[in-house]
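[1] sharing a model prediction with you, sequence too.
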Amino acid sequence: MTEDAPATVFSQKHDLSRGGRALEFVPLDGPAQLPQRRPTGLAEFDRALGGGLVPGSAVLMSGDPGIGKSTLLIQTAATIARSNGDVVYVSGEEAAGQVRLRAARLGIADAPIRLASETSVRDILTTLGAGDPPALLVIDSIQTMHSDTIEGAPGTVSQVRGCALELIRYAKENGTALVLVGHVTKDGNIAGPRVLEHMVDVVMSFEGERSHQYRILRALKNRFGAVDEIGVFAMANEGLEEVTNPSMLFLSGRDHPLAGSAVFPALEGTRPVLVEIQALIVRLQSGATPRRAVVGWDSGRLAMLLAVLESRCGLNFSSAEVYLNIAGGYRLADPAADLAVAAALMSALADKPLPDKAVWFGEVSLAGEIRPVSHGDLRLREAVKLGFARGYGPSDKKLGSSKLNYHGLGQLSNLVDQVIGTE
């Protein structure tokens with residue numbers, strides 16, 4: 001062997017431009033078959049997914065402990081199993097007897113689900129490989145799974161990534177819809193490596209407060225549908241029940257308007273949801289530093305809005321404590337809520353109710369302008385459906401109808417006239 005032989009072997013081994021197989025390229029406009037979705041049997045779940053579960057897809061379901069992830073998935077598994085779909089439910093956190101007790105409480109113990117309590121990915125894939133692939137595979141949770149080919153305890157970055165990769169590969173090769181349950185951190189983010197969110201096709205967040213009965217299923221990523229779609233459920237003794245009109249959950253049923261309350265038509269994906277924004281202003285007698293407390297909205301955005309109200313409208317909030325709450329435990333991230341929050345703050349400051357049966361929406365700029373927002377007509381249609389008669393928002397001739405009296409506002413100072421000058 002010549003002296004150049006080791007260098008040649010090294011070059012052949014590490015030069016990736018040779019030695020592989022040739023790829024077969026296809027045109028971008030070639031024929032493509034749309035995925036045939038499988039309905040889950042829960043219309044709200046299907047709505048958040050974009051129409052149902054796609055065979056061969058991987059779904060990551062996250063949420064706080066005790067929020068109802070396992071309840072939702074066992075109900076979904078039972079519905080699919082009863083419709084002649086083969087379902088495998090693997091629990092790594094609970095014994096099989098515990099899952100049976102939950103199924104009996106929910107009234108779905110007769111569903112033909114193949115149930116197992118296991119944490120070894122090798123054992124799970126070996127068992128599934130010995131028969132026909134199931135239509136749905138639920139892993140609860142991915143943080144409890146363990147692969148004997150990877151060092152480390154279950155829940156470590158390498159274990160979570162490796163186990164998820166093997167399960168996703170099985171699902172895509174066999175056309176099985178895979179649902180992975182993921183833990184969350186104390187900040188509400190999905191625990192473990194961020195790469196897990198890139199590996200799956202759909203990332204869903206199950207949100208809500210355990211002290212409230214409602215739950216919101218939100219799609220954060222969806223390769224097969226729109227993001228930010230939501231499904232709304234209510235927790236009952238018999239499990240999770242679908243809520244077809246979520247706006248009624250977040251609105252007070254009082255007969256007379258109260259000071260500091262404004263109704264905002266939020267938009268979640270393509271679904272409008274009416275929520276109530278409540279504000280309270282407490283004047284301080286001493287020179288203590290006033291407090292600002294926010295529940296369900298961005299505290300930084302509240303500070304900005306208070307600064308605009310003081311600078312552009314001449315209202316004084318510096319010597320008062322400000323409390324803001326989104327009723328029902330709802331969380332708002334829509335910038336169109338600025339006008340509704342400003343209206344609630346003005347109403348609380350003047351101790352004067354806002355006009356009855358009115359909705360408020362619009363983004364507020366630092367210059368005090370009311371900027372237009374997306375899908376204003378859709379927001380107003382939802383308000384009309386629920387009996388609201390007036391709407392306040394950005395100046396737009398296209399908004400409003402014969403069923404709703406719409407008031408366009410150009411500046412935040414115009415809102416002061418509407419609120420303070422209302423009889």
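    Thanks, I have the structure now. Numbering: from 1, shown residues only.

[2] isn't Ala259 up against Leu345?
    No. Ala259 is not in contact with Leu345 according to C-beta atoms under 8 Å; the separation is 10.9 Å. All C-beta spots, glycine's among them, are computed from the backbone N, C-alpha and C.

[3] so for those two, which residue has more residues nearby?
    Ranked by neighbour count (other C-beta atoms under 10 Å), Ala259 and Leu345 place Leu345 first, with 25 against 17.

[4] would you mind measuring from that one to Leu302?
    From Leu345 across to Leu302, the span is 9 Å (C-beta to C-beta, to the nearest Å).

[5] overlap in contacts of these two?
    322, 324 (C-beta atoms under 8 Å, 6 or more residues apart in numbering).

[6] tell me, how many residues neighbour Leu305?
    Per other C-beta under 10 Å, the neighbour tally for Leu305 reads 24.

[7] confidence score at it?
    What the model reports as pLDDT for Leu305 is 95.

[8] quick check: it is in a helix.
    Yes. Counting by DSSP: H, G, I helix; E, B strand; the rest coil, Leu305 falls inside a helix.

[9] how about it, what does it touch?
    338, 341-342, 345, 364.

[10] mind redoing it with 7 Å?
    338, 341-342, 364 (C-beta atoms under 7 Å, 6 or more residues apart in numbering).

[11] now swap in His375 and tell me
    Counting by C-beta under 7 Å, 6+ apart, His375 makes contact with Leu267.

[12] cutoff 8 Å now
    Residues near His375 by C-beta under 8 Å, 6+ apart: 267, 272.

[13] where does the stretch 151-300 of the chain have low pLDDT?
    The stretch 151-300 of the chain contains residues with pLDDT under 70 at 186-193, 252-255, 287.

[14] what about the strands in it?
    177-182, 202-207, 214-222, 230-236, 239-242, 261-268, 271-283, 292-295 (DSSP state E, counting those that start in this stretch).

[15] how about these in TSV, adding mean neighbour count and distance to His375?
    Rendered in TSV, the data for the strands of the stretch 151-300 of the chain read as follows (neighbours: other C-beta atoms under 10 Å; distance: least, C-beta to C-beta, whole Å):
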stretch	mean neighbour count	distance to His375
strand 177-182	26	31
strand 202-207	23	22
strand 214-222	21	18
strand 230-236	20	15
strand 239-242	18	24
strand 261-268	25	6
strand 271-283	19	8
strand 292-295	15	25
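
[16] dig out what the residue nearest the centre of the chain forms beta bridges with.
    Residue closest to the mean C-alpha point of the chain, counted by C-alpha atoms, centre = their mean, is Arg218 at 2.4 Å. Counting by DSSP bridges, Arg218 is bridged to Ser205, Ile230.
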